[in-house]
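Peer 1: Here's my sequence, what's the structure:
(one chain, ligands or ions: 1)
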Amino acid sequence: MDNHEALDLFAQAGALLTGHFKLSSGLHSDQYLEKFRLFEDPRTLDLLAADLARRFADDRIDVVLGPTTAGIILAYAVALHLGVEARYAEREGDERRLRRGQALEPGSRVLVVDDILTTGGSIRECLGVLASHGAALAGVGVLADRTGGELTFGAPTRSVLCVKVAAFDPGDCPQCAAGSPITAPGTRHLASAS
Ligand SMILES: [Zn+2]
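Peer 2: Just a heads-up that it's a prediction; the model follows:
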């Protein structure tokens, strides 16, 4: 699907909100991604996972790895479409590890997936998992890239939806200037904005 179709799908799922939002960074924006809404309807997630899998169909992927929580659901779905296995990177202290008897073959080509790319922190933690097992990064796939394509990880980085969410200092916010009331998403929402 193209970027416009992806935007429609996100909006239909209730994952793309428009309004006047105070982000966790303190900046104001007219858009907010409520990413977990994408995981409510398995058919929606399946469409997105199939699309992401197609983008890496020619990259000789051996295994798909995702970080908890949403990333492991996505890893499962993308791996199913690519016909390969999935691995789940769980948080342990300041880093991520494979637990519960999971491992990666040294030299295996790993596609790392996650739901939203904002700062790349979770992806980098997953790269640490690959390094600890001697596996190779074959690509990074995300449902939505909020950086507008600015972050790369030394391997093809592809997204279903690529958006550059405009964010303003409160003093420069057009909606503040227009007197529009602001929605400050609660801590539950802020936690999901990472
Ligand atoms: Zn504002």
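
Peer 1: Please enumerate the strands of the chain.
Peer 2: Ranges of strands in the chain, per DSSP state E, are 16-22, 28-33, 63-67, 85-92, 95-98, 109-117, 136-145, 157-162, 167-168.

Peer 1: okay if I get those strands as TSV plus mean neighbour count and mean pLDDT?
Peer 2: Quick note: C-beta positions are derived from backbone N, CA and C, even for glycine. Rendered in TSV, the data for those read as follows (neighbours: other C-beta atoms under 10 Å; pLDDT from 0 to 100):
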stretch	mean neighbour count	mean pLDDT
strand 16-22	17	91
strand 28-33	20	91
strand 63-67	27	98
strand 85-92	18	97
strand 95-98	17	96
strand 109-117	26	96
strand 136-145	23	97
strand 157-162	22	95
strand 167-168	16	91
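
Peer 1: can you redo those strands as a markdown table with distance to Leu130?
Peer 2: Converted to a markdown table, the strands of the chain look like this (distance: least, C-beta to C-beta, whole Å):
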| stretch | distance to Leu130 |
| --- | --- |
| strand 16-22 | 31 |
| strand 28-33 | 26 |
| strand 63-67 | 7 |
| strand 85-92 | 9 |
| strand 95-98 | 10 |
| strand 109-117 | 6 |
| strand 136-145 | 6 |
| strand 157-162 | 15 |
| strand 167-168 | 31 |
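
Peer 1: would you list those strands in TSV and tack on distance to the ion?
Peer 2: Output for those, formatted as TSV (distance: least, C-beta to the ion, whole Å):
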stretch	distance to the ion
strand 16-22	6
strand 28-33	3
strand 63-67	31
strand 85-92	33
strand 95-98	35
strand 109-117	22
strand 136-145	22
strand 157-162	24
strand 167-168	6
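
Peer 1: List just the one of these that sits closest to His4.
Peer 2: Closest to His4 of those, according to C-beta to C-beta: strand 157-162, at 9.6 Å.

Peer 1: who does the closest one touch, helix- and strand-wise?
Peer 2: The helices and strands touching strand 157-162, judged by 3 or more C-beta pairs under 8 Å, 6 or more residues apart in numbering; DSSP states H and E, are helix 3-12, helix 42-55, strand 136-145.

Peer 1: for these, which one ends up most surrounded?
Peer 2: strand 136-145 (a mean of 23; mean count of other C-beta atoms under 10 Å).

Peer 1: Report the contact partners of Gly139.
Peer 2: Phe56, Asp59, Ile61, Leu111, Val112, Ala155, Pro156, Thr157, Arg158 (C-beta atoms under 8 Å, 6 or more residues apart in numbering).

Peer 1: right, and the pair among those residues with maximum separation?
Peer 2: The widest separation within the contacts of Gly139 (C-beta to C-beta) is 14.1 Å, between Ile61 and Thr157.
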